[in-house]
Each structure stands twice: as structure tokens, then as C-alpha cells.
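Enquirer: Would you be able to build a 3D model of this:
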Amino acid sequence: MAWRARTVIGLLGAAGVAAWARAWRPRHLTWGATPDEVARALPGDDLVRSPTFNATRAISVGAAPERIWPWLVQVGVRRAGWYSYDLLDNLGRPSARQIRPEWQALEPGDTLPMSPDGKHGINVYSMDYPRSMVWGTPGDTTWVWQLDPQPDGTTRLLTRIRSRIRWSPASIAFSALLEVADFWMIRKMLAGLRERAEQSGTSPGGEDGRTPARSAS
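Expert: Numbering: from 1, shown residues only. I've put the predicted structure just below:
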């Protein structure tokens, strides 16, 4: 009887996973994005070929790209936070609600800290003010931000994460984390960015809040 119970439980679990993969996973991977936005090429796509995880999310922001950019530049643990669930990703410290000049000098090659000691995080690969920013490690994982201005003065803010699983414990654990938590964290971050950009006026560092940074490809 015990083996039958285990078999039933296993089959139910497999059916649940299959149902989630078919019905909910595609929605999670494309939340807020139009079919054209999901299908379009973005900067950094060529850095991770044949990804096992490929998510494109988007949100409309009632602000120009120049007003959103400074909020993105200053993210990171022990910096402005991630505008998401602070208890989980920012050591319980509230994410910033002001643009801080000391966190604006971001350049390709810098690291956006994600660890409590601030020493480990995601690398900045390229920046093209105020339209796109690529973070990550070629061949492994990329996290891309695309800011598309609209005729009515708003912005379509797109973010894309592409990752390729490797058969190592660390890579498998990271992939599992992406599948479970990524959607909730990114959705909250997009909403946090929108809220801050729409409430902010002219940013420090110039009339348009431009960040002094060079571009790289």
C-alpha cells in the first residue's frame, strides 16, 4: 500500500508541475510584455545563446527614460536596494526613495552588489544612456533593461533575463531560484521603479538626471 501511495503522490506532483509549466509559466515569463516585445531582439541577447531560462517582462511608466535611468543606476545591496521585497533582497533595509548622487557614477565593469558584504553581485556589461543597460556574465546569465520612449511622453520599461543552466550544484540552485522567485521579485521591482520615477521630478546630476558613464559593447 505504501508504494501505491507514493506512486499516486508522485503522479499528482508530476501532473501539478506539468500544469504549471503549461498554464502559468509562460505568463510568468512574459508578464506585462506584448508579443512583439517578447519576440524582439534586445541588447545582450547574443551574450547567452540557447538559454534555458528566458523571461521578458514590461511595464508602462508615466515618465521619460531620463527620469527612470537614475533609479536603475543606483540599485544594489548597501546602495538604493532593489525596490522589491526589502526583507529578502536588501537585508531588511527600505529601498531608497530619493536619487542619491553618490550612487550615480556607474560604469561598465562595475559590480552591483547583491551580497551582505557588498563584494559579490552582478557585473555591469554595457550602458547606453538613457536607452539600455546590460548586466551579467557572457555565456552564463544576462539581465537587460530597455527604456523605450513613447509619443505621449511615457516609457515602456522592459527587462529581460536570460540564463543557461550548467550541471553544477550552484548553477542548478540558481536556476531553481529563478523559477520560483524571479517573477515575484521582478514584478515588484518594476512597480517600484514606476512609482519612484512617476513621483520624482528633475534628478540630481544635471537637468535630465544623466549619469556620467561610458558605453561599452
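Enquirer: pull the longest helix from the chain.
Expert: helix 169-199 (DSSP state H).
Enquirer: which residues of the protein score low on pLDDT?
Expert: Screening the chain residue by residue with the criterion pLDDT under 70, one finds the ranges 1-24, 171-172, 174-175, 201-217.
Enquirer: one more time with 80
Expert: Applying pLDDT under 80 to the chain flags the ranges 1-24, 166-178, 180, 200-217.
Enquirer: rewinding a little: now the longest helix of the chain, how far from the chain's geometric center?
Expert: Its chain's C-alpha centre lies 6 Å from the corresponding centre of helix 169-199 when counted by CA atoms, centre = their mean, to the nearest Å.
Enquirer: do stretch 118-131 as well
Expert: Taking the mean C-alpha point of stretch 118-131 and that of its whole chain, the gap between them comes to 11 Å (CA atoms, centre = their mean).
Enquirer: So for it, what gets flagged as buried?
Expert: Going by neighbour count (16 or more other CB atoms under 10 Å), the buried part of stretch 118-131 is 121-122, 124-127, 129-130. Backbone N, C-alpha and C define where each C-beta goes, glycine included.
Enquirer: all strands of the protein, in order?
Expert: Assignment of strands within the chain using DSSP state E yields the ranges 53-61, 111-113, 121-128, 132-137, 141-149, 155-163.
Enquirer: pull the CA atoms of the last one into PDB?
Expert: So that's strand 155-163. Coordinates of each C-alpha in strand 155-163 appear next as PDB, following Å, rounded to 0.1, in the frame of the first residue of the first chain:
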ATOM      1  CA  THR A 155       8.200  54.900 -21.400                       C
ATOM      2  CA  ARG A 156       7.900  51.200 -22.000                       C
ATOM      3  CA  LEU A 157      10.300  49.700 -19.500                       C
ATOM      4  CA  LEU A 158      11.400  46.200 -20.500                       C
ATOM      5  CA  THR A 159      13.600  43.800 -18.600                       C
ATOM      6  CA  ARG A 160      14.900  40.500 -19.900                       C
ATOM      7  CA  ILE A 161      16.800  37.800 -18.000                       C
ATOM      8  CA  ARG A 162      18.500  35.000 -20.000                       C
ATOM      9  CA  SER A 163      20.300  32.200 -18.200                       C
END
